[in-house]
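show me the folded form of this:
(one chain, ligands or ions: 1)
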Amino acid sequence: MHVALFTLGGTIAMAGTDRSAADPVVNRLTGADLTAAVPGLAESGVRLHVQDVRAVPSADLTFARILDVVAAGSRAVAEGAAGVVVTQGTDTLEETAYLVDLVWPHPEPFVLTGAMRNPTLAGPDGPANLLAAVRVAVAEPARGLGALVVLGDEIHAARRVRKTHSSSTGAFASPDTGPLGRVVEERVRILTAPPRHTPLPTPSTAALAEARVALYPATFDDDGTLLAGLPGGHRGLVVAGFGVGHVPSALAPTLGALAERVPVVLTSRTGAGPVLRHTYGAIGSETDLQRRGLLDGGLLDPYKARVLLRLLLASGTDHAAIRAAFAEHG
Ligand code: ASP
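This next block holds a predicted model:
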């Protein structure tokens, strides 16, 4: 049994140039270095086919790079891999994992992991996370669940997981649902399975480059000048509204005008819970913004809504189909 392991850098693969704790760390460890540092991996009976794709901070990952890895993962499962594991930085993991989840068409698990504490520190979490990710990638109960994020022995649905802390090893959580399951000793336990969606098509790199989507957070006492000055060239906009999907009333007409030109998706900046549909009636509330043409982002957080909207736009999806996609995925 084998797993395809793709490495993309991040803290899990960082080390100081002189390997001392005082030295700022940079990406320098290969997949071979990572796997050699994992106690129990050799005894697990799972062979790893390692491909070092890129060693970058995850802030420098792109849609195109992730979709290349998805294509390579598809080839790997066609050639017999039981599953796929990707190691990367944790900063953008909640976005990249969701992108993978939207397009991954196979029953084989696609597992993403990383580390919060780099290998030069006492108690690095990378080796344990990598071992748990490999266990999930080969686990029968994890098949058919799409993309999964495994850190701290917790298994999260890519669709629901958030990075909720900047430095804690317990940074990853699924605030709306909790984890899907856990790795307990060497056993993978799935406690709840989310519904799967039909995979979306993978757009070309050129189409992705054209499909720019802006993200605009609602903030206290914003007079709307910044929103009005949003440069053209964006094909869509995600609004991270207050609470259940509200913005200052001064912004509502501008958002309505934008929604006549491009899809504008309303989400909540709170970090958990959905936007509402028919509760509040003030200017700038969710009912007002929907009347002005904004789309309902449902339970999707602003970052995941942006991933979905960009993917849909890059695939040439029309407005009605974008609305339907958010109704299905949100
Ligand atoms: N800055 C790092 C990255 O995302 C953080 C991490 O990996 O945890 O690449």
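
can I take it that Ser166 is in a helix?
No: using DSSP: H, G, I helix; E, B strand; the rest coil, the assignment for Ser166 is coil, not a helix.

now do it, the pLDDT please.
For Ser166, the model assigns a pLDDT of 98.

what is the neighbour count of it?
Neighbourhood size, Ser166 [other Cβ atoms under 10 Å]: 9. For glycine as for every other residue, the C-beta is placed from the backbone atoms N, C-alpha and C.

again, but for Pro109
29.

do you know how far it is from Gln88?
16 Å (Cβ to Cβ, to the nearest Å).

for the ligand, what are the nearby residues on this protein?
Counting by Cβ under 6 Å from any ligand atom, the residues of the chain close to the ligand are 10-11, 57-58, 89-91, 114, 116.

what is the nearest of those residues to Leu226?
Leu226 lies nearest to Asp91 out of these, by Cβ to Cβ, at 24.2 Å.

I'd say the closest one and Asp60 touch.
No: with contact defined as Cβ atoms under 8 Å, Asp91 does not count as touching Asp60 (9.9 Å).

looking at the two, which is more packed in?
Asp91 (18 against 14).

Asp176 and Thr270 touch, don't they?
No: contact between Asp176 and Thr270 fails when scored by Cβ under 8 Å: they sit 11.0 Å apart.

redo the residues of the chain next to the ligand as a markdown table? Include pLDDT and secondary structure.
Below are the residues of the chain next to the ligand laid out as a markdown table (pLDDT from 0 to 100; DSSP: H, G, I helix; E, B strand; the rest coil):
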| residue | pLDDT | secondary structure |
| --- | --- | --- |
| Gly10 | 96 | coil |
| Thr11 | 95 | helix |
| Pro57 | 96 | coil |
| Ser58 | 97 | helix |
| Gly89 | 98 | coil |
| Thr90 | 98 | coil |
| Asp91 | 98 | coil |
| Gly114 | 98 | coil |
| Met116 | 98 | coil |
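
ranking those residues by neighbours, who comes first?
Gly114 (30 neighbours).

please report how far that one lies from Lys163.
Distance from Gly114 to Lys163, counting by Cβ to Cβ: 10 Å.

which neighbours do those two have in common?
90, 93 (Cβ atoms under 8 Å, 6 or more residues apart in numbering).

regarding this protein, what is its longest strand?
Criterion DSSP state E: the longest strand present in the chain is strand 47-56.

centre of the chain versus the helix or strand just after it, how much separation?
Scanning forward in sequence from strand 47-56 by DSSP states H and E, the next helix or strand is helix 63-78. The chain centroid and the centroid of helix 63-78 are separated by 15 Å under Cα atoms, centre = their mean, to the nearest Å.

which elements pack onto helix 63-78?
strand 2-9, strand 47-56, strand 83-87, helix 93-103, helix 205-210, helix 302-314 (3 or more Cβ pairs under 8 Å, 6 or more residues apart in numbering; DSSP states H and E).

possible to save these as TSV with mean pLDDT?
What follows is the helices and strands packed on helix 63-78, written out as TSV (pLDDT from 0 to 100):
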stretch	mean pLDDT
strand 2-9	97
strand 47-56	96
strand 83-87	98
helix 93-103	98
helix 205-210	96
helix 302-314	98
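
as TSV, those with mean neighbour count and distance to Arg75 would be great.
As requested, these are arranged in TSV below (neighbours: other Cβ atoms under 10 Å; distance: least, Cβ to Cβ, whole Å):
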stretch	mean neighbour count	distance to Arg75
strand 2-9	24	9
strand 47-56	17	11
strand 83-87	29	10
helix 93-103	25	14
helix 205-210	14	18
helix 302-314	24	21
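
just the helices in this structure please.
Along the chain, the segments classed as helices by DSSP state H run 31-36, 63-78, 93-103, 126-137, 205-210, 225-228, 252-261, 286-291, 302-314, 319-329.

which residues does the second one contact?
Contacting residues not belonging to helix 63-78 are listed as 4, 6, 8, 49, 51, 53-54, 81, 83-84, 86, 96, 99-100, 103-106, 108, 110, 202, 205, 208, 310-311, 314 [Cβ under 8 Å, 6+ apart].

kindly report the same for the fifth one.
With contacts defined as Cβ under 8 Å, 6+ apart, helix 205-210 is touched by 63-64, 67, 235, 310, 314-316.

can you do 10 Å?
Where contact means Cβ atoms under 10 Å, 6 or more residues apart in numbering, the residues beyond helix 205-210 that reach it are 62-65, 67-68, 202-204, 233, 235, 310-311, 313-316.

would you turn the helices and strands packed on helix 63-78 into TSV with distance to Leu121?
Below are the helices and strands packed on helix 63-78 laid out as TSV (distance: least, Cβ to Cβ, whole Å):
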stretch	distance to Leu121
strand 2-9	17
strand 47-56	19
strand 83-87	17
helix 93-103	19
helix 205-210	36
helix 302-314	27
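
of all the ones you listed, which one comes closest to Ala257?
Short answer: helix 302-314, nearest of the helices and strands packed on helix 63-78 by Cβ to Cβ, at 18.3 Å.

and the closest one, what does it pack against?
Judged by 3 or more Cβ pairs under 10 Å, 6 or more residues apart in numbering; DSSP states H and E, helix 302-314 is in contact with helix 63-78, helix 93-103, strand 162-163, helix 205-210, strand 213-217, strand 236-241, strand 264-268, helix 319-329.
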